[in-house]
Every structure is written in structure tokens, then in C-alpha cells.
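In: Prediction below, plus the sequence it came from.
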Amino acid sequence: MQKTYYDPADLKKFGKISEWNQELGDKFFEYYGKVFEEGSLSAREKSLIALAVAHTIQCPYCIDAYTGDGLQRGITKEEMMEALHVAAAIRGGASLVHGVQMMNKVNKLEM
Amino acid sequence: MITKSLHKRESALAKSKKQLEILSNGIFQNGELPTFKNKIAESGQFPLTAKKLEILQINVGYMCNQVCSHCHVDAGPDRKEIMTRETMQQCLDVIKNTGAHTLDLTGGAPEMNPNFRWFVEEAAKVGIKDFIVRSNLTIIRANKKYYDLPEFFKKYNIHVVSSMPHWTRGKTDKQRGDGVFDASIQALKMLNSVGYGMPDSDLKLDLVYNPSGAFLPANQASLEKDFKRALKDDFDIQFHNLFAITNLPISRFLDYLIASENYEDYMYALVEAYNPTAVKSVMCTNTISVSWDGYLYDCDFNQMLELPVNSKVKHISDYNEELLEGRNIVISQHCYGCTAGAGSSCQGSVA
Ligand code: SF4
Ligand code: SF4
């Protein structure tokens, strides 16, 4: 049994998930490929969104993949860090905006 | 930032034999990754053979004003290998009779060869369709004696191909040295001002992009879009095409890969991105590369690895295009750099 949950080498094996369900695996990868194609959003913008989401869901595979993808696309480290702050702002904001719920509750219960 | 070539530093990797050993050992010897030969054999493409010659590429010397960290030539101010006028004369005799449509001068910084201007003048008389000079841009700003290069190029209708690793200062200077970005921008402005790179201008100005690190280039067309927009918006600079070129794992780039512990991952990435369609158009199938001392190679990379052409004809002095056609190309694992993704050549993507 491996000693860590995550092994960087596993990222290369992502495609193997199709082996246990070819149809759904194929459909997923086809969809995945389509999503990242140049569209109304550029592939570059999508790469930055993916990087921000990767940090939000804290997926080490995705962080690895989309940091590399960003470098390939000529995205600078300053742009990457800004994208992360967007993720962090939304994450932090999401906690804080619930503060309104807390305040409502307190206001309701307190005399 | 490095300031000396591997040769000057007497690094083990300055020896091409050592580089070839590394490329054949380890992950390629223990079968973890297939050798290039076996990989192309899978699709029935071994042996690679040369088709009709289209591009004659001449390396007029390894001396350069820069010492870029990714340089596959191991070029720098300390390299003394410079093509002599006699060898240039032999090249001219070949240029007069070649069937190639493109003449491509490279280096080092070709402009630093003391006979560079004479050679260009003479070669231009032959009237080859596309006459390329690979200029690193900063040379134009390096010394007063080079300031008139844009005019000189224009006079002989030279197609200028220049390297520019990024549209931001940080990334550019990290790969190519402090101040390179600003000097390159100035040089591009000078080229633009004489007409190079302007829309509809016949004075061709193309840029070469190499990734500044252990990763592959993204799609050439989208990189071109980003470069064009940024250079226009930020500096009002224009150019024609962008060539995205993959860094091959040889010489200083190999040294960097090993030192930064990226070598194996990079080779994995190249092999994973292997594209059998790109094999059909790798540049060695239509190119001959001539070294500063007149020897013939399948490409500039093989020249640096000292892998001469597999033909009876070995030197520019006994050059024979018919005999060279159909020769088997000499390959090793560095060739994966030419077949990754959309493929890579001195003219950018191939597939
Ligand atoms: S990459 Fe080009 S400019 Fe840089 S050192 Fe090598 S030959 Fe000179
Ligand atoms: S490195 Fe040279 S010989 Fe190998 S595939 Fe590329 S062009 Fe051909």
C-alpha cells in the first residue's frame, strides 16, 4: 500500500479511469476536451479559471496540471497569483457573507 | 544568470558524447520510455529519410553577445568557432547551384562573424527566394557598428527571424539575461521603423518563442495572438508570424534540466506529447545544416551533438544534393523535441 494519498505519477494515469468504464470515461474526456477549447472565452482565460478552481477545491493534481498549462500558455506568475486571490476572495467572502445570517439570527434572538 | 558557455566552464556536458550518453541511458535504457527509434518504428516511420532539399541552413559561428540559459548551441562571447571566408566561398558555390528555396543563416549571432556582411551581399546576388537571417535582436543594440543592421537587412531583402521568449520583461530577462528585454524592444522598434514586420510589408519579421523553462510551448496560433496584442498595446510594435519552438534536451538546456531535476519529467512530457503526424514533417527531412567548419548535418541540433550526416558526402567542399537526398537521418532521443504536440522546427510548428 502506498504511504501517501497523492502520488504525482498518478496524474499521468488519469486516462486509465476509462478502463473500468469505457463509455462514461470516454464521454467525460470528450466533454473535458471540448470545455477547454477556444470558445467565447479564450483557452487562456479558461486555464486561469481552472487554476483558480483547482485551488478552491484544493486538488493537487489540478494545481500541478494547470500551473504547467499556464506556463505553456505564457501566463505570468503575477497573473496566476491574481487568479488565486480571486478564488481566495470568493472563498473568504463566502464565509463572511454568511455573517449576515449570523447577525440576523442574533438580532432575532437577542432582546 | 550564467555568463560563460559550458565549453568555457569545462563542464562535462560541453562534450557531445556525454550528452548522447545521458540521452540513451537511464529511463531510455531501462525501458521506462521507448527510444525514439522504437517509437517511430511503431508507425512504420523508421528509418527517417531525407526528401528533396528545401532549406540550406548555415551556421556561421558559435560566438554570440548573449549567453541564454536554454541555448542549444552553447553559444557565447567566449566561443571562438567562426566560419572563415574560404568556407563561406565554398558555401556560395553550393548556394549558386542548390535547388533549395530557403537560405537560413544562423549562429551564435551571425552578425558577429567578421565576414557576415560580405557573405550576405554575395549570397543575395544568387536570388534565393527566401533569405533568412536569425538575429537575436540585442546584437542590433550591442554596439554602434551594428546600429545600421535594419537598413542593411532591408537593402538585401533579408527575412529577419528573431527570438523573443516573452512579452514581459521578467520572463525574457530570466531566460536571456538582464536588459535583454529592453534592448530587444528597441531593436524591434528600429526594425519596424524601416518597414520590417509592418502589415502588408514585404520585409518579413518573424519572432521565435522558446518556453522559458521545463515545459512545452502551447498552441502557436494563440501564443501569436497574445504576443501581437501585448507588443502592440504596450510598445506599438508589429511583426508577422510567431514560431513556437520546443527546447530540445541538449547542451545548456539539458544542463538546466538536469540541474533543476526536471530532466525525467521533461522527457516524459515530450514522449507523452509524441505526435506521429509531426514525424512526417520534421525539418531534417528537407534541411541540410552546415557547420562553421563546413561539415554537413541533418539539423542544427545534430550539429551540436556532432552527429554528421549518414552519407558519402560529409563536407560542403564535396557537396552533392542528389547524393544527400534519400539519406537516413541520424536520430537519438533529443528528436522527441521535434515531434511533441504540433511538432517543432526552425519554422515553428509543423503539424
Ligand atoms: S539562444 Fe541565440 S541569442 Fe541566445 S546564446 Fe544561443 S545563439 Fe545566442
Ligand atoms: S533533432 Fe534533428 S534529426 Fe532529430 S528529428 Fe529533429 S530535425 Fe530531425
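Out: Noted; the coordinates are in hand. Residues are numbered from 1 along each chain as shown, chains lettered A, B, ... in the order given. Ligands and ions are numbered 1, 2, ... in the order given.

In: now do the same end-to-end measure for stretch B:52-70.
Out: 31 Å (C-alpha to C-alpha, to the nearest Å).

In: and it, what's its mean pLDDT?
Out: Averaged over stretch B:52-70, pLDDT sits at 96.

In: and that stretch with ligand 1, contact?
Out: Yes - under the criterion of C-beta under 6 Å from any ligand atom, ligand 1 is reached by stretch B:52-70 at B:64, B:66-68. Using the backbone N, CA and C atoms, a C-beta is placed for each residue, glycine as well.

In: buried sites along that stretch?
Out: B:53-70 (16 or more other C-beta atoms under 10 Å in any protein chain shown).

In: Off-centre distance for that stretch?
Out: Chain-centre distance of stretch B:52-70: 6 Å, with C-alpha atoms, centre = their mean, to the nearest Å.

In: coming back round to it: which of the buried residues of stretch B:52-70 fall in strands?
Out: Applying DSSP state E to the buried residues of stretch B:52-70, the entries found in strands are B:55-59.

In: export those residues to JSON lines and tack on distance to residue B:311?
Out: Shown next, in JSON lines, are these (distance: C-beta to C-beta, whole Å):
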{"residue": "B:55", "distance to residue B:311": "17"}
{"residue": "B:56", "distance to residue B:311": "15"}
{"residue": "B:57", "distance to residue B:311": "16"}
{"residue": "B:58", "distance to residue B:311": "18"}
{"residue": "B:59", "distance to residue B:311": "18"}
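
In: ok, those residues vs residue B:5, which is closest?
Out: Using C-beta to C-beta, residue B:59 is the member of these that sits closest to residue B:5, with 15.0 Å.

In: Would you agree that closest one is in contact with residue B:302?
Out: No - taking C-beta atoms under 8 Å as the definition, residue B:59 is not a contact partner of residue B:302, at 11.5 Å.

In: Which residues are in contact with each of the two?
Out: residue B:289 (C-beta atoms under 8 Å, 6 or more residues apart in numbering or on different chains).

In: Let me see the contact set for residue B:16.
Out: With C-beta under 8 Å, 6+ apart, residue B:16 has these contacts: B:304-307.

In: Report pLDDT for it.
Out: For residue B:16, pLDDT reads 98.

In: Roughly how far does it sit from residue B:74?
Out: Residue B:16 sits at a distance of 10 Å from residue B:74 (criterion: C-beta to C-beta, to the nearest Å).

In: anything in contact with each of those two?
Out: Joint contacts of residue B:16 and residue B:74 (C-beta under 8 Å, 6+ apart) are residue B:304.

In: Packing partners of the lowest-mean-pLDDT helix or strand in chain B?
Out: When each helix and strand of chain B is scored by mean pLDDT, DSSP states H and E, helix B:169-176 comes last, with a mean of 85. Under the contact criterion of 3 or more C-beta pairs under 8 Å, 6 or more residues apart in numbering or on different chains; DSSP states H and E, helix B:169-176 touches helix B:180-193.

In: Now do the helix it packs on against helix B:169-176, angle only.
Out: 100 degrees (axes from the mean of the first three to the mean of the last three C-alpha atoms, to 10 degrees).

In: Could you check helix B:180-193 against chain A for contacts?
Out: No - Helix B:180-193 lies out of reach of chain A by C-beta under 8 Å from any C-beta of the partner chain, never closer than 13.0 Å.

In: Which positions in that helix come out as buried?
Out: For helix B:180-193, by 16+ other C-beta under 10 Å, it's B:180-181, B:183-185, B:187-188, B:190-192.

In: now swap in stretch B:274-281 and tell me
Out: B:274, B:278-281.

In: In helices, which of those residues appear?
Out: Counted as lying in helices by DSSP state H, out of those, are B:278-279.

In: Quick check: closest non-adjacent residue to residue B:211.
Out: residue B:217 (5.3 Å; C-beta to C-beta, 6 or more residues apart in numbering or on different chains).

In: For residue B:207, what are phi and psi?
Out: Dihedral pair for residue B:207: phi -110, psi 150, per degrees, to the nearest 10.

In: just checking, it touches residue B:243?
Out: Yes - using C-beta under 8 Å, residue B:207 makes contact with residue B:243 at a distance of 7.2 Å.

In: Can you report how many residues neighbour residue A:36?
Out: 14 (other C-beta atoms under 10 Å in any protein chain shown).

In: which residues does the nearest residue to it once chain neighbours are set aside contact?
Out: Using C-beta to C-beta, 6+ apart and skipping residues adjacent in sequence, the residue nearest residue A:36 is residue A:46, 5.4 Å away. Residue A:46 makes contact with A:35-36, A:39 under the criterion C-beta under 8 Å, 6+ apart.

In: Nearest to ligand 1 among the buried residues of helix B:180-193?
Out: residue B:180 (8.7 Å; C-beta to the nearest ligand atom).

In: how close does that closest one get to residue A:43?
Out: Taking C-beta to C-beta, one finds residue B:180 at 28 Å from residue A:43.

In: And residue B:81, by the same measure?
Out: 42 Å.

In: How far off centre is the helix ranked longest in chain A?
Out: The longest helix of chain A (DSSP H) is helix A:77-97. Mean-position distance between helix A:77-97 and its chain equals 12 Å (C-alpha atoms, centre = their mean).

In: For ligand 1, what's the nearest residue on the stretch 101-250 of chain B?
Out: Closest point on the stretch 101-250 of chain B to ligand 1, by C-beta to the nearest ligand atom, is residue B:136, at 3.6 Å.

In: and that residue, how many neighbours?
Out: 27.

In: wait, what's in contact with it?
Out: By C-beta under 8 Å, 6+ apart, the neighbours of residue B:136 are B:64-66, B:109, B:162-163.

In: Show me which parts of the helix or strand where the residue nearest to residue A:36 lies are buried, residue by residue.
Out: Using DSSP states H and E, residue A:46 sits within helix A:43-56. Buried residues in helix A:43-56, counted by 16+ other C-beta under 10 Å: A:44, A:46-52, A:54-56.

In: out of these, who's nearest residue B:97?
Out: For the buried residues of helix A:43-56, the minimum distance to residue B:97 (C-beta to C-beta) is 47.1 Å, reached by residue A:44.

In: and the gap between the spatially closest residue to that closest one that is not a sequence neighbour and ligand 1?
Out: The spatially closest residue to residue A:44, leaving aside those adjacent along the chain, is residue A:73, at 5.2 Å (C-beta to C-beta, 6+ apart). Applying C-beta to the nearest ligand atom, to the nearest Å, the value for residue A:73 to ligand 1 is 22 Å.
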